[in-house]
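J.: pasting the sequence and the predicted model now:
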Amino acid sequence: MATRFRFRLEPLRRLREALEREAERALGRALQAEQTIRAELERIAQQRREVHESRRTGAGQTLDLEHWRRGEAFLVVLERRQIQAFERLRDAARAVAAAREALVEAHRNHLMLVRLKERRALLHAQEETRLEAIALDELAVLRYARSLA
């Protein structure tokens with residue numbers, strides 16, 4: 001005779017759960033973008049090391065000025081790329097922070113409804129137990145009354 005528990009806010013809970021999953025994916029994309037920029041910065045640093053290494057001359061070797069100028073020009077280009085990459089990294093770090101905050105908010109909203117559902121299910125179960133006890137008590141009273149008659 002027990003009625004089945006039905007949470008009326010279930011569609012909203014499912015929506016909040018979907019929003020939380022989307023926030024997780026957005027955070028993943030933001031972290032991937034940040035990692036890509038960090039890898040680009042590492043490549044630029046490696047190229048800078050290679051240019052500096054190629055410009056080294058041993059003792060007694062002649063200095064190739066044209067090679068030195070080309071290396072210097074390339075270092076200027078690398079420095080510009082590095083500055084741009086650092087700016088993009090700063091923006092990506094902000095995007096990661098915003099995505100992380102959005103995920104925390106989405107999780108909080110979803111968790112609030114999950115806890116509400118759990119509390120309502122518990123209250124429903126308690127009410128069902130109370131009603132069942134009342135019904136059993138009435139049945140016992142009726143049986144007792146019949147046994148006296």
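T.: The structure has been received and is ready for your questions.
J.: which element is residue 6 on?
T.: Here residue 6 is covered by no helix or strand, with elements defined by DSSP states H and E.
J.: list the residues that contact residue 23.
T.: By C-beta atoms under 8 Å, 6 or more residues apart in numbering, residue 23 lies in contact with 99, 102-103, 105-107. Yep, even glycine has a C-beta here, placed from its N, CA and C like the rest.
J.: name the element it belongs to?
T.: Under the criterion of DSSP H and E, residue 23 resides in helix 10-55.
J.: show me how far that helix is from its chain's centre.
T.: Mean-position distance between helix 10-55 and its chain equals 12 Å (C-alpha atoms, centre = their mean, to the nearest Å).
J.: and the angle for the helix or strand encompassing residue 75 with helix 10-55?
T.: Assigned by DSSP H and E, residue 75 belongs to helix 65-148. Using axes from the mean of the first three to the mean of the last three C-alpha atoms, to 10 degrees, the interaxial angle of helix 65-148 with respect to helix 10-55 works out to 160 degrees.
J.: mark which of the contacts of residue 23 are buried, thanks.
T.: Among the contacts of residue 23, the ones that count as buried by 16 or more other C-beta atoms under 10 Å are 99, 102-103, 106-107.
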